[in-house]
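Participant: predicted coordinates and the sequence they were generated for:
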Amino acid sequence: MASFAGVLLAGVLLGGIYSLVAIGLNLIFGVIRVVNFAQGEFVMLGMYATVVAYTLLHLDPYLGMLLVFPLLFVFGMAVQRFILQPLQNEPMMQIFATFGMLMLLQNVVLAVTGGTAVSIRTPASGLTIAVGPLQVSVARVVALLAVTVVAVGLQWALHTTMTGKAVRAVAQDRRAARLMGIDVERTYMLTFGFGAGLAGVAGALLTPIFTLTPQIGGNFILPAFAVVVLGGLGSVWGAYIGGFLIGLTEALAGFYLDPALKQAVWFAIFILVLVVRPTGLFGVVGAEEVGLRVQE
Amino acid sequence: MSALLTVTALHAGYGTVPVLRGVSLYVNAGEIVAIVGANGAGKSTLLGAISGLLPPTGGTIMFRGADVTARPAHRGPASGMALVPEGGRLFPFLTVEDNLLLGGFTVADKAERLRRLNEVMETFPILGERRFQLAGKLSGGERQMCAVARAIMSRPALMMLDEPSVGLSPLMVERILAAVQTLVARIGLSVLLVEQNTVEALEVADRAYVLDHGNFVLDGPARTLAADPRVQQAYMGL
Ligand SMILES: Nc1ncnc2c1ncn2[C@@H]1O[C@H](COP(=O)(O)OP(=O)(O)OP(=O)(O)O)[C@@H](O)[C@H]1O
Ligand SMILES: [Mg+2]
């Protein structure tokens, strides 16, 4: 019984990490309709930036976040402005471009670091708290709390603030949004910047947990895709809850089947959902919320 | 006194295909001007070019004394120009209220935006009733009302309407056009109205232009055009 509870707990905590990466990915997809294959590499950049801030400035990763978010935000805005916007009328090319960015970022970081793994020991690294008979990593709990704050905050902002309403308007009908006086290109830049910033925050939160290599992005992007398809394209809650479902699936499959099978299990779910319910579990408020209508 | 809107020798098209071949028109303050013409004549293209959605390939557009040729569409509302596009194009997964609020997106003062929201809901009581409903769930007539109301939120000097009557019952058409006329009288609005429903359009308009294959072939006072046998035969089904 204790071991089953342990598996569930591990799954939820892992799910929190996947949600964290998936929310930014899904925001970018929902508004700009670009599948950002490089989102995992943005997380990787966030992790390296956190390590640099820790090493040079002795900033704890949780404080380093305050530096990493704006850094990745500006980086994301530049990517949207100078790479994706010129390809705006060629969606296929945008996807190739993000894939190219994945390769580029990975290889540049590989060249710069020589590919050596890095890990830092922060106060949170080895810390655990006891939950009944189980020992729980504090850093993972912090990540879980953080993703919850992000999901609630983002959902609130999208539905309550004028900027949030404008972002949703752009997602649903960008031509009509222009007629409201909304600068669509600027909204895209802010959205991509924000999505990249969230990847940076995810990187900072994950630094105390994972050993860092230039290829680490791949560990997050595959489950994040599964999360997005499962939860529903474009939906904040879909990404949040989908993360837990994938995390739980991975933990259960790893415990009862074979840890090596975890990816096979994700993709079995991935394909099953695509066949049975293409809009994802939160389809109605997900894919349709962003408006599955022809643009311009 | 110069006109509110003056379009001179406007050319526009898609890719290499020309649609508008040098059209000129003007709209004075407080006027309702109609543009009538068959399917594919270029009516929507004209409104797209004036609003900035589609950069013209030639000609000039002057609005309130400023050259607005090829200005990006998102600068329109702040300058006093609003377009109600074909079909209304509400944001279907936003509430009626949020759609209306977005009409006032360029109004920086939140209190002022809310004041205007209450005002348009008084003008169109049905929208007040549907306030928290998703715009995608409105009926065709309600949707057009909402689209007009959304455009009013920015307090435009010129409102351009692209076929507000399409798909509506004759009664609904009269109600929408009557609402537009009331607004014109009450807030001193000018209207550029594109319609296929030539009979109704010539009834509410002061002046009209007839567009055919990207050229204006006739123009004049709406009453004169309504009595013109060429217009009656080609566009009014008489
Ligand atoms: N996005 C586009 N790309 C290419 N051609 C277009 C596009 N939109 C319209 N056209 C063409 O331009 C011409 C004029 O179209 P437009 O929509 O302006 O006509 P309209 O007078 O508004 O017609 P309707 O009464 O049917 O709305 C048509 O021949 C149409 O096929
Ligand atoms: Mg048209």
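Facilitator: That came through fine. Numbers count the residues shown, from 1 in each chain, chains lettered A, B, ... in the order given. Ligands and ions are numbered 1, 2, ... in the order given.

Participant: and the longest helix seen in chain B, what's buried?
Facilitator: For chain B, the helix that runs over the most residues, judged by DSSP state H, is helix B:170-187. Under the neighbour-count criterion of 16 or more other Cβ atoms under 10 Å in any protein chain shown, helix B:170-187 has B:172-173, B:176-177, B:179-181, B:183-184 buried. Using the backbone N, CA and C atoms, a C-beta is placed for each residue, glycine as well.

Participant: going along the chain from it, find the next helix or strand for me.
Facilitator: With elements assigned by DSSP states H and E, the helix or strand that comes after helix B:170-187 is strand B:190-195.

Participant: tell me the strands beside that following strand, with direction?
Facilitator: Its sheet considered, strand B:190-195 pairs with strand B:32-36 (parallel), strand B:158-162 (parallel) by DSSP bridges.

Participant: now do the strands in chain B.
Facilitator: For chain B, applying DSSP state E gives strands covering B:5-14, B:17-27, B:32-36, B:58-63, B:66-67, B:81-84, B:158-162, B:190-195, B:207-212, B:215-221.

Participant: got TSV for the ones you listed, with distance to ligand 1, mean pLDDT and mean neighbour count too?
Facilitator: Formatted as TSV, these follow (distance: least, Cβ to the nearest ligand atom, whole Å; pLDDT from 0 to 100; neighbours: other Cβ atoms under 10 Å in any protein chain shown):
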stretch	distance to ligand 1	mean pLDDT	mean neighbour count
strand B:5-14	3	96	18
strand B:17-27	4	95	18
strand B:32-36	9	94	25
strand B:58-63	16	96	18
strand B:66-67	23	95	10
strand B:81-84	13	96	27
strand B:158-162	7	95	25
strand B:190-195	7	93	24
strand B:207-212	7	95	22
strand B:215-221	12	93	15
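
Participant: want to throw those into a markdown table with distance to ligand 2?
Facilitator: Output for the strands of chain B, formatted as a markdown table (distance: least, Cβ to the ion, whole Å):
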| stretch | distance to ligand 2 |
| --- | --- |
| strand B:5-14 | 13 |
| strand B:17-27 | 11 |
| strand B:32-36 | 10 |
| strand B:58-63 | 19 |
| strand B:66-67 | 26 |
| strand B:81-84 | 12 |
| strand B:158-162 | 6 |
| strand B:190-195 | 7 |
| strand B:207-212 | 10 |
| strand B:215-221 | 16 |
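
Participant: do you know which of the ones you listed lies nearest A:Glu185?
Facilitator: Distance to A:Glu185, taken as Cβ to Cβ, is lowest for strand B:81-84 among the strands of chain B, at 19.0 Å.

Participant: get me the contact residues on chain B for ligand 1.
Facilitator: B:14, B:19, B:37, B:39-45, B:196 (Cβ under 6 Å from any ligand atom).

Participant: again, 8 Å this time
Facilitator: Residues of chain B lying close to ligand 1 (Cβ under 8 Å from any ligand atom) are B:13-15, B:17, B:19, B:37-46, B:48, B:86, B:162-163, B:166, B:194, B:196, B:211, B:214.

Participant: list the contacts for A:Ala49?
Facilitator: A:64, A:67-68, A:71-72, A:200, A:203-204 (Cβ atoms under 8 Å, 6 or more residues apart in numbering or on different chains).

Participant: using CSV, lay out the strands paired with strand B:190-195 together with distance to B:Gly59.
Facilitator: CSV is the format used below for these (distance: least, Cβ to Cβ, whole Å):
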stretch, distance to B:Gly59
strand B:32-36, 16
strand B:158-162, 17
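
Participant: out of the ones you listed, nearest to A:Ala139?
Facilitator: strand B:158-162 (56.3 Å).

Participant: list the contacts of the closest one.
Facilitator: For strand B:158-162, contacts defined as Cβ under 8 Å, 6+ apart pick out B:4-5, B:27, B:43-44, B:47, B:50-51, B:63, B:80-86, B:148, B:151-152, B:180, B:183, B:189-194.

Participant: what's the answer for stretch B:56-70, then?
Facilitator: With Cβ under 8 Å, 6+ apart as the contact definition, stretch B:56-70 has outside contacts at B:2, B:4-13, B:18, B:20, B:22-24, B:49-50, B:52, B:55, B:75, B:79-81, B:157-158.

Participant: can you read off the pLDDT for A:Ile246?
Facilitator: The score at A:Ile246 is 89. That number is its pLDDT.

Participant: and if you look at A:Val290?
Facilitator: pLDDT, A:Val290: 45.

Participant: residue ranges in chain B under the pLDDT threshold?
Facilitator: B:1, B:238 (pLDDT under 70).

Participant: would you point out which residue of it is nearest ligand 2?
Facilitator: B:Ser44 (3.1 Å; Cβ to the ion).

Participant: in this structure that residue contacts B:Glu86, no?
Facilitator: Yes. Counting by Cβ atoms under 8 Å, B:Ser44 does reach B:Glu86; the two are 5.8 Å apart.

Participant: about what we covered before: now render the strands of chain B as a markdown table, adding distance to A:Arg168.
Facilitator: Shown next, in a markdown table, are these (distance: least, Cβ to Cβ, whole Å):
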| stretch | distance to A:Arg168 |
| --- | --- |
| strand B:5-14 | 29 |
| strand B:17-27 | 32 |
| strand B:32-36 | 33 |
| strand B:58-63 | 29 |
| strand B:66-67 | 32 |
| strand B:81-84 | 20 |
| strand B:158-162 | 24 |
| strand B:190-195 | 28 |
| strand B:207-212 | 36 |
| strand B:215-221 | 40 |
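
Participant: on that earlier part again, quick one: the residue of chain B closest to ligand 2 from B:Ile35, how far?
Facilitator: 10 Å (Cβ to Cβ, to the nearest Å).

Participant: shared neighbours, the two?
Facilitator: Common neighbours of B:Ser44 and B:Ile35, counting by Cβ under 8 Å, 6+ apart, are B:Val194.

Participant: for ligand 2, give me its nearest residue in the stretch 101-250 of chain A.
Facilitator: Closest approach between the stretch 101-250 of chain A and ligand 2, counting by Cβ to the ion: A:Arg175, at 13.7 Å.

Participant: so that residue sits against B:Arg89, correct?
Facilitator: Yes. Applying Cβ under 8 Å, one finds A:Arg175 in contact with B:Arg89, separated by 6.9 Å.

Participant: many thanks, have a good one.
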